[in-house]
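Colleague: requesting a structural model of the entry that follows:
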Amino acid sequence: MPETRTATATATAEARPRRRIKQIETMVADVVQETPDTNTLLLFTGTDRLDYEAGHFLTIDPHQFEALERFTAYFEDVKGKREPPRAYSMSSAPHEKYLAITVKEERYERGATRYPPLLSPLLVKRTVRGHRLVVTGFTGPYTLPADAESRTDHVVHVVAGSGAVPNFSILKHALTYAPGLHHTFLCSNKTREDVIFRRELEELAERFPENLRLVHTLTREQDVFQHGPHYRRGRVTAQLLQELIPDPRACLVFACGPAVGTWERAAARARGEEPKPRFMESVLQALAAAGVPEERITTESYG
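Modeller: Prediction:
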């Protein structure tokens, strides 16, 4: 996931006890390239007990990297404040051996981002096996409710780009430990090559045909059907959601992806314009049009 995030939990989500946030020294056990600009870092944590939930994130402080020292100092001078840690969703699930984060390299977009990204380029392009990282975890409200199986039998995942990361963790854990739940995993990307966890998701769909329906929407490919029955052309629409959600008032939806950011909103208003909706704004409108009540939607966005 990218470096900034906003998370909102469902109004009816069960209150969870506070977890003790702690620093953990890790070593990069492996680096897996997911797409041309996205890598998964498998982190060896030794004997540390990993007490986290699927959907949680950890944070990484950029001050620990000597290679970033001059950039960090410059940003702090320009901003007049200390650079904060960056948050990254975990793609691993609690029952798996290694802790894993999946990081997409962010790029500077004129008019959309105020500053160039600091940490994600280093994590994606310059982090190799054997590197040591200090991470702080674990937290976040973007988790499946403990009573999910009593509230629904259908969990709908609506994600775009690296928004697939926390949902992939939730999906893996639920397929193993919550067999009463059926999942629709709706994943939006520009092209097939941009799909993070493409092979793993297809393997899960084959292993759990009764519990998982996988749908990819591609916005910049014409002949999407050549890729197989899981693929559709275009964006996530209310019509598609209506097709995939038979009972919109009974499902639980977890939506994660890019949203209009603070700087993007300010820049648009300085021009006398309203910011153009991004994935999250469009999906929330589509979910409402499809009849899904707001209280049954949990979101996490970045931008």
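Colleague: pLDDT below threshold where in the stretch 151-300 of the chain?
Modeller: Residue ranges of the stretch 151-300 of the chain with pLDDT under 70: none are present.
Colleague: quick one: the strands in it, in order.
Modeller: For the stretch 151-300 of the chain, applying DSSP state E, counting those that start in this stretch gives strands covering 154-160, 182-189, 212-218, 231-233, 252-258, 297-302.
Colleague: just the residues contacting the fifth one, thanks.
Modeller: With contacts defined as C-beta atoms under 8 Å, 6 or more residues apart in numbering, strand 252-258 is touched by 2, 10, 55, 142, 144-145, 148, 151-152, 154-161, 163-167, 170, 188, 278-280, 283-284, 287, 292, 296-303. Using the backbone N, CA and C atoms, a C-beta is placed for each residue, glycine as well.
Colleague: picking that back up, which among the strands of the stretch 151-300 of the chain is found nearest to Glu69?
Modeller: strand 297-302 (25.6 Å; C-beta to C-beta).
Colleague: just checking, what packs against the closest one?
Modeller: Helices and strands touching strand 297-302, by 3 or more C-beta pairs under 8 Å, 6 or more residues apart in numbering; DSSP states H and E, are strand 6-8, strand 252-258, helix 279-289.
Colleague: count the residues that sit near Tyr98.
Modeller: When neighbours are counted by other C-beta atoms under 10 Å, Tyr98 registers 15.
Colleague: okay but Ala62 is in contact with Pro121, surely?
Modeller: Let me fix one detail, which is that residue 62 is Pro and not Ala. No - using C-beta atoms under 8 Å, Pro62 is not in contact with Pro121; the gap is 11.2 Å.
Colleague: of these two, which one has the most company?
Modeller: Shown here are Pro62 and Pro121; by other C-beta under 10 Å, Pro62 has more neighbours (20 against 17).
Colleague: quick check: phi and psi on the more buried one?
Modeller: For Pro62, the backbone dihedrals (degrees, to the nearest 10) come out as phi -70, psi -20.
Colleague: check contacts around the residue nearest the centre of the chain.
Modeller: The residue lying closest to the centre of the chain (C-alpha atoms, centre = their mean) is Gly163, at 3.0 Å. By C-beta under 8 Å, 6+ apart, the contact list for Gly163 reads 1, 255-258, 279, 300-302.
Colleague: so how far is Ala270 from it?
Modeller: Taking C-beta to C-beta, to the nearest Å as the measure, Gly163 falls 28 Å from Ala270.
Colleague: got it, and Pro141?
Modeller: For Pro141, the distance to Ala270 - C-beta to C-beta - is 32 Å.
Colleague: more neighbours: which of these two?
Modeller: Remark: of Pro141 and Ala270, Pro141 carries more neighbours, 15 against 9, as counted by other C-beta under 10 Å.
Colleague: for Phe197, see how far away Pro121 is.
Modeller: Remark: distance between Pro121 and Phe197 (C-beta to C-beta) = 21 Å.
Colleague: burial measure for the closest residue in space to Thr113 that isn't next to it in sequence, as a count.
Modeller: Counting by C-beta to C-beta, 6 or more residues apart in numbering, Thr113 lies nearest to Trp263, which is 6.3 Å off, once chain neighbours are set aside. By the measure other C-beta under 10 Å, the count of residues near Trp263 is 16.
Colleague: and the one 5 residues further on, by the same measure?
Modeller: The burial metric for Ala268, expressed as a neighbour count using other C-beta under 10 Å, is 16.
Colleague: stretch 248-256: end-to-end distance?
Modeller: 18 Å (C-alpha to C-alpha, to the nearest Å).
Colleague: in that stretch, what's buried?
Modeller: Residues of stretch 248-256 classed as buried by neighbour count (16 or more other C-beta atoms under 10 Å): 248, 251-256.
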